[in-house]
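1. Sequence and computational prediction follow.
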Amino acid sequence: MTYVVNDACIKCKYTDCVEVCPVDCFYEGENMLVIHPDECIDCGVCEPECPAEAIKPDSEPGLEKWLELNADYAKSWPNLTQKKDAPPDAKEFEGQEGKFEKYFSPNPGTGD
């Protein structure tokens, strides 16, 4: 098992999860984070830290797409090991449906 980041992170990109990760397995895209599934140690400390509830165990049904997306983008996006400020409009995007189709960006973030 590993944890994955889903579309609830898009445009919210809170980094509270990054701050508590003991193995630095988060990678930063332009408007979301992903978890490298081969680096995640399944400790679960990140899940309750996410205000957008965007982190789930991959054992939950329907997360296959997100496991694949996390694995793919963790290979090319920069590693993020320190908490950053959330986007100023993050609260406006919390809980929105269809964020992947509307807002997902394949572009990398800046990382550390």
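-> That came through fine. Residues are numbered from 1 along each chain as shown.
2. where along this structure do the strands fall?
-> Counting by DSSP state E, residue ranges of the strands within the chain are 3-5, 26-28, 33-35, 55-57.
3. Which one of the ones you listed lies nearest to residue 43?
-> Between residue 43 and these, the shortest gap by CB to CB is with strand 3-5, which sits at 8.7 Å. All C-beta atoms are positioned from the backbone trio N, CA, C, and that covers glycine.
4. Show me what the closest one is packed against.
-> strand 33-35, strand 55-57, helix 64-74 (3 or more CB pairs under 8 Å, 6 or more residues apart in numbering; DSSP states H and E).
5. ok now do the residue nearest the centre of the chain, which residues does it touch?
-> Residue closest to the average C-alpha location in the chain (CA atoms, centre = their mean): residue 33, at 3.2 Å. Residue 33 makes contact with 5, 9, 13, 15, 17, 18, 26, 27, 80, according to CB atoms under 8 Å, 6 or more residues apart in numbering.
6. Check those residues against residue 47 and report the nearest one.
-> residue 17 (7.9 Å).
7. unless I'm mixing things up, that closest one is touching residue 26, no?
-> Yes. Applying CB atoms under 8 Å, one finds residue 17 in contact with residue 26, separated by 6.5 Å.
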